[in-house]
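J.: Next come a sequence and a model predicted from it.
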Amino acid sequence: MSAFWKIAVIGSGPAGFYAAGELFRQQSWSIKVDMFDRLPTPFGLVRGGVAPDHQKIKSVTKIYSRIAENENFRFFGNVEFGSDILRSDVLEFYDAVIYAVGSPSDRSLGIPGEELPGSHSATEFVAWYNGHPDFRGHKFDLSVKDVFVIGMGNVALDVARILAKTPEELSKTDIADYALETLFESQIEDIWLVGRRGPLQAAFTPVEAREFLELDSADVILEGGPLKLDAESQRILETDASKDTKKNIEILKQISEKNSSNKKKRVHFMFLASPLEILGNGGVEKIRMVRNQLVKRDDGSLRPQATGELMEENAGLIFRSIGYHGNPLADVPFDQNSGTIPNECGQIIDEDQDKSLRTREYVAGWIKRGPTGVIGTNKQDAVETVHRMLETFLQEKIEPRQQPDSSGIESLLKERNVDYVSFEDWKLLDEYETDSGQSQERPRVKVTSIDKMLEIIRDKKN
Ligand SMILES: Cc1cc2nc3c(=O)[nH]c(=O)nc-3n(C[C@H](O)[C@H](O)[C@H](O)COP(=O)(O)OP(=O)(O)OC[C@H]3O[C@@H](n4cnc5c(N)ncnc54)[C@H](O)[C@@H]3O)c2cc1C
């Protein structure tokens, strides 16, 4: 029997699972995959990012669970790369490693007042309402009337929609219990979505935008009245615009023509505005913004430029949602600018003078290409990485290293007192969560504390 290639995958989000799936699809290779995640729960942002009222999207985890059923797959949850296991361990126990750790940080606005209480990143808020254990202790004061969400991408729209929905609408989702309780007390009336560019350049997708036309208890308003485009944007719309952009414009037109029905809340789409300063005495009170216009650059692109027209609005809460950013991993190259691991088709480029390629280290997903694209985008991305890895093995005539058995990593984790969670363990926790949800007609009630997760798993096993 041919020797097995042992591959470590760090991160159990979409990219990690698509990489594992592609590795198992290789008929002519015998491959074992050990997947590590710093959380006891798998699936990355599908559990901790995708909005709780988008349950259909979360059903992609069924595909990942099928991959996990492969007899050559093992999951090690609650194991953090960089502290519980190091690069040197991974290179000792495996033939190669794929880092698929995502982009968990956010970009800041870099404006005065950003650090005031009441100014948060959307990243924190999203992780909080989704029950991510690192964020369960965060506090968000929803007793204010005006909320500004800075950004016009899908995450910004998720935040605005969750704030605009009634707790009753959300009570049938898997939103964290503490978040639901806080939302029941919400006094929010006006939610402003602020984009520095124009409607044509909005980064959201039509599916997300359309949902605002159907909110039970919030009117949706396009600031500035009927949709107007500058001449160049109009020309692009009629010639080069993508299908999605055309659909976005159609939806924004519908929003602008919609009559107010005096609902309790309002969501305002405000284009061509940039925040300059957050003002307040001990907490967020106002936001100062400048009106932008679009100007054509030499390369033909349209860029926002401040006009000098200032606006100041009351704001009790501010969420910045202008993009995610990766974190460096110990002993792995990192490009601070892009927040990604430098790579060529998924193969890590070293930081030495020659910029040589590491033969046993690869990268997939957001940490490879940056925080863009939908869940499915990570599939082609991971496939490219896996193929690059196998081609490199062939070209460099690398042989699988003979390992007497697969228990080495388990012994190491035990030696280090790491309380790791297998996929079978996760299924026990999953069962507990879904059972708890049944009586409330919810898909699951999430357990949000790691200690509690481990306790439930222990209890169920005994
Ligand atoms: C708020 C939000 C909503 C979204 N909604 C949608 C949507 O509705 N539809 C859609 O198609 N796409 C959506 N996306 C995009 C989608 O979630 C991403 O494309 C996808 O999750 C990226 O996959 P990934 O595997 O690269 O990263 P992630 O999903 O972030 O997975 C990374 C994994 O690595 C683990 N990890 C990190 N560091 C370490 C470490 N040091 N050691 C061990 N493990 C580690 C993390 O715990 C995590 O499980 C959304 C994204 C966000 C942020």
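T.: Happy to help now that I have it.
J.: for stretch 58-74, which positions count as buried?
T.: For stretch 58-74, a neighbour-count test (16 or more other CB atoms under 10 Å) marks 58, 60-61, 64-65, 67-68, 72-74 as buried. C-beta: built from backbone N, CA, C; applies to glycine.
J.: Residue of the stretch 151-300 of the chain closest to the ligand, please.
T.: residue 155 (4.3 Å; CB to the nearest ligand atom).
J.: hang on, the earlier thing: in the buried residues of stretch 58-74, find the pair that's most separated.
T.: The most widely separated members of those, counting by CB to CB, are 58 and 72 (26.0 Å).
J.: The closest residue to residue 123 other than its chain neighbours bridge partners, please.
T.: Closest residue to residue 123 apart from its sequence neighbours, by CB to CB, 6 or more residues apart in numbering: residue 106 at 4.1 Å. Note on residue 106: beta-bridge partners by DSSP bridges are residue 324.
J.: just to revisit the earlier point, may I have the residues that are in contact with the residue of the stretch 151-300 of the chain closest to the ligand?
T.: 49, 122, 126, 321, 324 (CB atoms under 8 Å, 6 or more residues apart in numbering).
J.: Next: residue 100.
T.: 9-11, 13, 15-16, 19, 363-365, 367-368, 382.
J.: quick check, nearest of these to residue 136?
T.: Nearest to residue 136 among these, with distances taken as CB to CB, is residue 13, at 19.5 Å.
J.: so that closest one touches residue 38, yeah?
T.: No: with contact defined as CB atoms under 8 Å, residue 13 does not reach residue 38; the gap is 11.3 Å.
J.: Those two: which is more packed in?
T.: Neighbours per residue (other CB atoms under 10 Å) separate residue 13 from residue 38, with residue 13 holding more: 26 against 20.
J.: Now the more buried one: closest residue in space that isn't a chain neighbour?
T.: Residue 13 sits nearest to residue 44 (CB to CB, 6+ apart), 2.3 Å away.
J.: now that neighbour: how far from residue 449?
T.: According to CB to CB, to the nearest Å, residue 44 and residue 449 sit 19 Å apart.
J.: quick one: which of these two has more around it?
T.: residue 44 (27 against 12).
J.: Spell out which residues of this structure are next to the ligand.
T.: Within reach of the ligand by CB under 6 Å from any ligand atom, the chain has these residues: 10-16, 36-39, 44-45, 49-50, 54, 57, 80-82, 100-102, 126, 155, 158, 324, 365-366, 373-375, 378.
J.: Can you select the buried ones among these for me in PyMOL?
T.: Applying 16+ other CB under 10 Å to the residues of the chain next to the ligand leaves a buried subset, and the PyMOL line that selects it is:
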select buried, resi 10+11+12+13+14+15+16+36+37+38+39+44+45+49+50+81+82+100+101+102+126+155+158+324+365+366+375+378
